[in-house]
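> Build me a model:
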Amino acid sequence: MKRHVALVGFMASGKSTIGRKLARKLGWAFFDTDALIARAHGAIAAIFANEGEMAFRGYERVAIDDALQSVEPSVLSLGGGALTVAENRRALNDRAYRVFIRVSPEEILARARRSRTIRPLLGSNPTLERINELYAARMPDYESVDHVIDATHRSDAEVVDELVGWLRQRKLDTGRVAS
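Numbering: from 1, shown residues only. Next comes the predicted model:
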């Protein structure tokens, strides 16, 4: 069975952007679980507000399962808290290489403040204290992955190139990697 590549990490760490670029370079399909959830159930902020985090995590679980059903390898971008759910960790461990896109809490704060997207667990006025609190709680799951890439102050192209090199070392069929 061919393995997928699942990008994990804190919100605003660049998983979706890097994932799209990596998938394009590999010639693979790309799945953004947050986008899949929003398409099926509405805005993520509304889900959190109206149904709660548990409902969102249930939708996320289904989105991850659906993406992992692809016979051909694909790149998945997961929500920041996806690895907090044991079922997600097990499914990803069985079917995907898990890569943690690490970005410093300070950079996360700067990106979150620049973004037009309000992240429900950070609110409309994100603070470094809240980011550090969530990051610390999630770090054991993030660090249990197959590979860690520090993306702080690095271009998307540098991160994608490192990922492609790492995948080649695993002898993963990287398809038609564009130069």
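> CA atoms for contacts and neighbours, from now on please.
Will do.
> in this structure, which spans are strands?
4-8, 29-32, 74-77, 96-102, 147-150 (DSSP state E).
> name the helices or strands packed onto the fourth one?
This points to strand 96-102. strand 4-8, strand 147-150 (3 or more C-alpha pairs under 8 Å, 6 or more residues apart in numbering; DSSP states H and E).
> Out of these, which one sits most buried?
strand 4-8 (a mean of 26; mean count of other C-alpha atoms under 10 Å).
> List the pairing partners of that strand within its sheet, with orientation.
Strand 4-8 has its sheet partners listed here by DSSP bridges as strand 74-77 (parallel), strand 96-102 (parallel).
> now those strands in CSV, with distance to R154?
Shown next, in CSV, are those (distance: least, C-alpha to C-alpha, whole Å):
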stretch, distance to R154
strand 74-77, 18
strand 96-102, 11
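> thinking again about what came up before, out of the strands of the chain, flag the one nearest S16.
strand 74-77 (5.4 Å; C-alpha to C-alpha).
> angle of the worst-scoring helix or strand of the chain on mean pLDDT against strand 96-102?
Taking mean pLDDT, DSSP states H and E as the measure, the helices and strands of the chain show their lowest mean at helix 105-114, namely a mean of 87. Angle, helix 105-114 to strand 96-102, by axes from the mean of the first three to the mean of the last three C-alpha atoms, to 10 degrees: 90 degrees.
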